[in-house]
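Trainee: Quick one, structure for this:
(2 chains)
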Amino acid sequence: AQTVTQSQPEMSVQEAETVTLSCTYDTSESDYYLFWYKQPPSRQMILVIRQEAYKQQNATENRFSVNFQKAAKSFSLKISDSQLGDAAMYFCAYRSYSGGGADGLTFGKGTHLIIQP
Amino acid sequence: DSGVTQTPKHLITATGQRVTLRCSPRSGDLSVYWYQQSLDQGLQFLIQYYNGEERAKGNILERFSAQQFPDLHSELNLSSLELGDSALYFCASSEFPYQQGDQPQHFGDGTRLSIL
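Mentor: The predicted structure is shown next:
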C-alpha cells in the first residue's frame, strides 16, 4: 500500500515571502499521479496542482510550483509571494496509475500554513 | 464552486442510528468517490463508484455502504453509528475513462456528521 508523509505539521511565513511544504511518499509503482490540495477554514478541498510521475518537468500553476524528485520519492510544494488567502491546510495526495483510475487518493496528514501579515 | 453538491451540510444524530448522505457529481462526471476526514484518521478514501458500479474500496467499514443511481447521484449509508464516526464526509467526482488522461477529483463541500 502506498503511504504519504508530510513531516511539517505547521509552517509559518511572512506575507510576500516564499515557503516550501514537504511531502514524501512510498510506492512500488512506476507510474502514478501526485497532487496538492488546499483546505481553507471553510473546509472545501481545492486542487492546487498535480504532477504526472512520467513527466520530468515540474508542474507550475501561477505562484505554485512543485519540486518532483522521483528517485527520492519527494514532492514538495513551493508557494511564491505568499498571500493571506493562502492560509490553509495543505494536503499532499497520491493516486495509483495502474488501477486504471479505480483508486481513491491517499492523503498525507496535512501541513497547516500560517501567513503572517 | 466545484459543481459537486452534497446534502445535508450538517447532520446531528445519536449512537446506534442510521443516516444517508447524498452526493450529486459535476455534470458529465461518471465517477464518484467518498472520503472521510476525522481528527484521528485524517483523510481516508472509502469507496468509488463508476457509472453505477462499485470500482474500488478503501477503508470502508462493514457498517457503511454506498450506491450510485442511474442519474449518477450517490448515497453513502452509515448504520449502527458510533461516536468515532463523527467526521466530515466528502464526495468527489471525476470524469472517466482513465485512458484519456487522469482527470483530477473535484470535491464537494462535505457533510459534517456529529454523533451525540
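Trainee: Pull the contacting residues for B:Gln17.
Mentor: Residues near B:Gln17 by C-beta atoms under 8 Å, 6 or more residues apart in numbering or on different chains: B:Leu81. All C-beta atoms are positioned from the backbone trio N, CA, C, and that covers glycine.
Trainee: mind redoing it with 10 Å?
Mentor: Contacts for B:Gln17 (C-beta atoms under 10 Å, 6 or more residues apart in numbering or on different chains) come out as B:Leu11, B:Leu78, B:Ser79, B:Ser80, B:Leu81, B:Ile115, B:Leu116.
Trainee: Just the ones of the residues you listed in strands?
Mentor: B:Leu11, B:Leu78, B:Ile115 (DSSP state E).
Trainee: Could you report the pLDDT at A:Tyr54?
Mentor: Per-residue confidence (pLDDT) for A:Tyr54: 86.
Trainee: so how many other residues sit close to it?
Mentor: A:Tyr54 sits with 11 neighbouring residues when counted by other C-beta atoms under 10 Å in any protein chain shown.
Trainee: which residues does A:Val19 bridge with?
Mentor: A:Ile79 (DSSP bridges).
Trainee: how much space between it and chain B?
Mentor: Remark: distance between A:Val19 and chain B (C-beta to the nearest C-beta, to the nearest Å) = 22 Å.
Trainee: ok, that residue touching A:Gln83?
Mentor: No. Counting by C-beta atoms under 10 Å, A:Val19 stays clear of A:Gln83, with 11.2 Å between them.
Trainee: Secondary structure element holding the residue nearest the centre of chain A?
Mentor: What sits nearest the mean C-alpha location of chain A, by C-alpha atoms, centre = their mean, is A:Trp36, with 3.1 Å. Here A:Trp36 sits within strand A:32-39, counting by DSSP states H and E.
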